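[1] Give me a 3D structure for the following:
(one chain, ligands or ions: 1)
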Amino acid sequence: MFKELLSAKYLAWHILIALALACIVAFSINAAELSAETEASIGNWIGIFGTLFINALKMIVVPLVFAAIAVGVAGMASQKSFGRIGGKTIALYLLTGIIAIFTGLALVNVIQPGNMQIENAQALVTGIEGADASDMAARVEGRSWWDLVQIIVRAVPPNIFDALTNNTGLLAIIFVAVVFGFFTTKLTGAVRETIDNLWQGMYDVTIAVTLWIIRFAPIGVFALVTVVLIQTGFDAFKPLAWFVVTVLAALIIHFFVWLPLMQVFLARVNPLKYYGKVVKAQLTAFSTASSSATLPVTIESAQEAGVSKRVSSFVLPLGATVNMDGTALYECVAVIFIAQIYSVVYGVDLTIVDQLLVVLLALVTSIGVAGVPAASLVAITLILLVLDLPAEWLAIILAVDRILDMCRTSTNVTSDLTIAAIVARSEGEELPEVRTA
Ligand code: ASP
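    So this is what the prediction gives:
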């Protein structure tokens with residue numbers, strides 16, 4: 001019985017328990033008021049297990065993405081089905097992104113988290129002029145609107161082998177894999193068989209390794225979350241409480257209302273059952289704050305819910321890089337929050353046109369940023385620069401960024417999984433275990 005409870009069947013529960021333990025341990029460490037040194041050294045020791053887990057996931061991402069896409073594209077019966085699935089996927093990615101951004105936009109305008117008393121606004125602004133200033137200057141330096149165009153240019157890599165060594169350049173890897181998968185279909189005879197087997201073998205072995213790594217998720221999740229909770233003191237939240245509330249409320253609406261509605265009406269799956277199957281991916285995303293590192297777990301969870309290899313291996317790697325609803329929403333809320341503080345201090349408001357520009361830029365940059373922790377910060381910097389707002393003011397939100405990153409990454413991954421289910425059902429897949437009656 002006990003052995004049964006420890007089996008992989010209950011992995012999602014193991015991860016949930018790990019999460020609860022992390023909260024208890026971090027809370028006890030914070031309450032014990034240990035010296036900063038002791039606290040840091042406990043954090044470092046626990047952190048080793050988190051780093052091992054993330055490293056293992058990252059280790060498998062590139063071969064998995066390459067093999068999954070090459071197998072998926074080579075296996076699509078015709079050019080037409082590739083175009084059809086690709087078209088649907090991209091349209092849905094844009095749709096969910098736009099819904100997420102408008103949800104954030106509505107809440108940030110209603111709650112107005114940045115509309116505070118002038119003394120508080122000034123305190124926040126002067127607060128960033130200390131230690132963070134040089135770090136911020138380094139982040140902001142040399143960035144411009146042109147960076148956005150470069151995202152597209154970088155999707156076609158000048159050197160395949162270079163591209164395959166860069167975990168943050170998944171778009172380039174996807175491009176190479178699609179091209180190789182596609183041209184595999186042009187081969188014939190024994191060569192075709194050999195190459196098909198090569199991709200398939202690579203895929204099978206990477207999935208096997210993935211399953212093995214996922215077994216360590218409870219330990220990884222425990223370590224990652226404990227360290228974040230120890231490092232983020234609760235004091236950091238006080239001046240930014242309304243900002244945090246706005247972001248969380250918008251994410252919750254997207255996660256618990258819009259995405260489930262799409263699951264019911266577009267995918268005809270039961271959200272409770274579907275979330276039950278993919279919770280491992282959601283929790284891994286939460287603890288790693290990286291869609292890319294979570295990708296192996298995302299693919300595995302989708303397949304466990306019944307989504308075919310053909311759909312999941314194309315839709316999910318693409319989603320992990322270009323479909324980031326939580327990120328887009330966060331960028332929009334963060335930029336407008338900073339603009340609201342700017343307006344309190346200097347009396348200059350954003351116009352409606354500016355706000356629409358934010359929507360557009362949040363959508364474009366969320367497509368372009370990599371699925372790694374804190375990737376949004378770069379995008380927020382770019383948007384602030386375009387709006388002529390002081391980009392260093394990004395430092396205002398840094399203290400709470402990691403926790404919000406965990407929540408938005410979980411939303412990003414859930415959106416990818418939702419679209420995988422919609423595309424799968426539209427391609428005639430049954431998903432018997434999660435479909436609505
Ligand atoms: N951490 C996010 C992700 O990996 C990106 C971000 O919003 O910073 O999906």
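[2] ok so residue 115 is a strand residue?
    No. When DSSP: H, G, I helix; E, B strand; the rest coil is applied, residue 115 is found to be coil, with no strand at that position.
[3] burial of the closest residue in space to it that isn't next to it in sequence, as a residue count?
    Excluding its sequence neighbours, the residue lying closest to residue 115 (C-beta to C-beta, 6 or more residues apart in numbering) is residue 340, at 5.2 Å. C-beta: built from backbone N, CA, C; applies to glycine. Neighbourhood size, residue 340 [other C-beta atoms under 10 Å]: 21.
[4] Secondary structure element for residue 340, which one?
    Assessed by DSSP states H and E, residue 340 sits inside helix 325-346.
[5] Let me know the average pLDDT across that helix.
    This predicted structure assigns helix 325-346 an average pLDDT of 96.
[6] Which other helices and strands does the very next helix or strand once past that helix contact?
    Along the chain past helix 325-346, the next helix or strand (assigned with DSSP H and E) turns out to be helix 352-368. Contact here means 3 or more C-beta pairs under 8 Å, 6 or more residues apart in numbering; DSSP states H and E; on that basis helix 352-368 packs against helix 79-111, helix 146-154, helix 325-346, helix 375-386.
[7] In PDB, list the C-alpha atoms belonging to the shortest one.
    Extracted C-alpha coordinates of helix 146-154, given in PDB (Å, rounded to 0.1, in the frame of the first residue of the first chain):
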ATOM      1  CA  TRP A 146      15.200  47.500 -32.900                       C
ATOM      2  CA  ASP A 147      15.600  44.600 -30.500                       C
ATOM      3  CA  LEU A 148      12.100  43.400 -31.400                       C
ATOM      4  CA  VAL A 149      13.000  43.100 -35.000                       C
ATOM      5  CA  GLN A 150      16.100  41.100 -34.100                       C
ATOM      6  CA  ILE A 151      13.900  38.500 -32.500                       C
ATOM      7  CA  ILE A 152      12.600  37.500 -35.900                       C
ATOM      8  CA  VAL A 153      16.000  37.700 -37.500                       C
ATOM      9  CA  ARG A 154      17.400  35.400 -34.900                       C
END
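[8] Is there proximity between it and the ligand?
    No. Remark: helix 146-154 sits outside contact range of the ligand, by C-beta under 6 Å from any ligand atom, the gap being at least 14.0 Å.
[9] I figured the residue nearest to residue 115 hits residue 114, correct?
    Yes. Counting by C-beta atoms under 8 Å, residue 340 touches residue 114, with 2.7 Å between them.
[10] residues near residue 323, how many?
    29.
[11] For it, which non-adjacent residue is spatially closest?
    Leaving aside its sequence neighbours, residue 323 sits nearest to residue 93 (C-beta to C-beta, 6+ apart; 4.1 Å).
[12] can I assume that neighbour is in contact with residue 419?
    Yes. A contact is recorded between residue 93 and residue 419 when judged using C-beta under 8 Å, the distance being 6.5 Å.
[13] Can you tell me which of the helices and strands packed on helix 352-368 has the worst average pLDDT?
    Comparing mean pLDDT across the helices and strands packed on helix 352-368, the weakest is helix 146-154, with a mean of 73.
[14] how far out from the middle of the chain is that one?
    Here the centre of helix 146-154 is set off from its chain's centre by 20 Å, with C-alpha atoms, centre = their mean, to the nearest Å.
[15] for that helix, packing partners?
    Counting contacts by 3+ C-beta pairs under 8 Å, 6+ apart, helix 146-154 is packed against helix 170-184, helix 352-368, helix 375-386.
[16] Can you convert those helices into JSON lines and add a column each for mean neighbour count?
    Putting the helices and strands packed on helix 146-154 into JSON lines (neighbours: other C-beta atoms under 10 Å) gives the following:
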{"stretch": "helix 170-184", "mean neighbour count": "20"}
{"stretch": "helix 352-368", "mean neighbour count": "19"}
{"stretch": "helix 375-386", "mean neighbour count": "23"}
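[17] The ligand is nearest to which of these?
    Across those, the minimum distance to the ligand, taken as C-beta to the nearest ligand atom, is reached by helix 375-386, at 3.6 Å.
[18] helices or strands up against that closest one?
    The elements that helix 375-386 packs onto, with contact taken as 3+ C-beta pairs under 8 Å, 6+ apart, are helix 132-140, helix 146-154, helix 325-346, helix 352-368, helix 398-426.
[19] Swap in 6 Å and give it another go.
    Using 3 or more C-beta pairs under 6 Å, 6 or more residues apart in numbering; DSSP states H and E, the elements in contact with helix 375-386 are helix 325-346.
[20] The helix it packs on near the ligand at all?
    Yes. Under the criterion of C-beta under 6 Å from any ligand atom, helix 325-346 makes contact with the ligand via 327, 330.
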